[in-house]
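> Using only what follows, build the 3D model:
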Amino acid sequence: MRMPEARDGDRPVVVDNLLFNSRRVLIIGEINHRLAKDVVSQLYALAAASDDPITVVISSPGGHVESGDLIFDTIRFIKPKVIVIGSGWVASAGALIYVAAERANRYSLPNTRFLLHQPFGGVGGTQTEIAIQAREMERMRLRLNKIFAEATGQSLEKIEKDSDRDFWLNVEEAKAYGLVGRIISSELELLAAA
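As a prediction, the model looks like this:
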């Protein structure tokens, strides 16, 4: 299986081809529209090439929520099973993407940290515009809290309370909380679990 065209990114084409052939997608860094476009393009290309599982590695401080939504929805939309592996840190919109996979398909390396918190955004303008933005932020917060409650098995009230401020979890805490399905330290463990 060959990647149709070379990306014009910072990775050598040979690396992109190897990632495509191994059905792996990397989400590393800030979540923004450019990263989301790249990731979603890769996911759809891999889904078109085969129904075999796709592995997504996530290490992200978070970023733009709607860009995270695009990746989250795509993971849930495509036919192949998506396995996620958290590494480094999985924060904010990165955590949203992480929980797109079923809990049994959510893995983490041992030194990963997780962060849940309410969405932030700049609010400005007239009093009416500020009221509209505040209402939309509240809708987003409720929607994200519902997603995390469903993904973790925690109550909506607990998610709301915990994510009201920065809520950091180490990998063992994240597993107990229901974010992580399994902690692994080698690729062999991932292959054995499949």
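
> Going by C-alpha atoms from here, please, whenever you check contacts or count neighbours.
Will do.

> what's the closest non-adjacent residue to residue 92?
Spatially, and ignoring its direct neighbours in sequence, residue 92 is nearest to residue 62 (4.7 Å; Cα to Cα, 6 or more residues apart in numbering).

> Oops, could you answer that again for residue 100 instead?
residue 72 (5.2 Å).

> In contact with residue 19, which residues are there?
residue 25 (Cα atoms under 8 Å, 6 or more residues apart in numbering).

> how far away is it from residue 47?
14 Å (Cα to Cα, to the nearest Å).

> now the helices for the protein?
Assigned by DSSP state H, the helices in the chain fall at 13-21, 33-49, 65-77, 93-98, 127-152, 156-162, 171-177, 187-193.

> so of those, which one's packed in deepest?
Across those, the average number of neighbours (mean count of other Cα atoms under 10 Å) peaks for helix 93-98, which reaches a mean of 28.

> tell me what that helix is packed against?
For helix 93-98, the packing partners by 3 or more Cα pairs under 8 Å, 6 or more residues apart in numbering; DSSP states H and E come out as strand 54-60, helix 65-77, strand 82-91, strand 113-116.

> do you know which of those lies nearest residue 182?
The closest approach between residue 182 and any of the helices and strands packed on helix 93-98, judged by Cα to Cα, belongs to strand 82-91 at 9.5 Å.

> Name every strand pairing with the closest one and say which way it goes.
strand 54-60 (parallel), strand 106-108 (parallel), strand 113-116 (parallel) (DSSP bridges).

> Mean pLDDT, mean neighbour count and distance to residue 142 added to the ones you listed, as TSV?
Rendered in TSV, the data for the strands paired with strand 82-91 read as follows (pLDDT from 0 to 100; neighbours: other Cα atoms under 10 Å; distance: least, Cα to Cα, whole Å):
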stretch	mean pLDDT	mean neighbour count	distance to residue 142
strand 54-60	98	22	22
strand 106-108	98	25	23
strand 113-116	97	23	13
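
> any chance of those in JSON lines, plus distance to residue 144?
JSON lines is the format used below for the strands paired with strand 82-91 (distance: least, Cα to Cα, whole Å):
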{"stretch": "strand 54-60", "distance to residue 144": "17"}
{"stretch": "strand 106-108", "distance to residue 144": "18"}
{"stretch": "strand 113-116", "distance to residue 144": "10"}
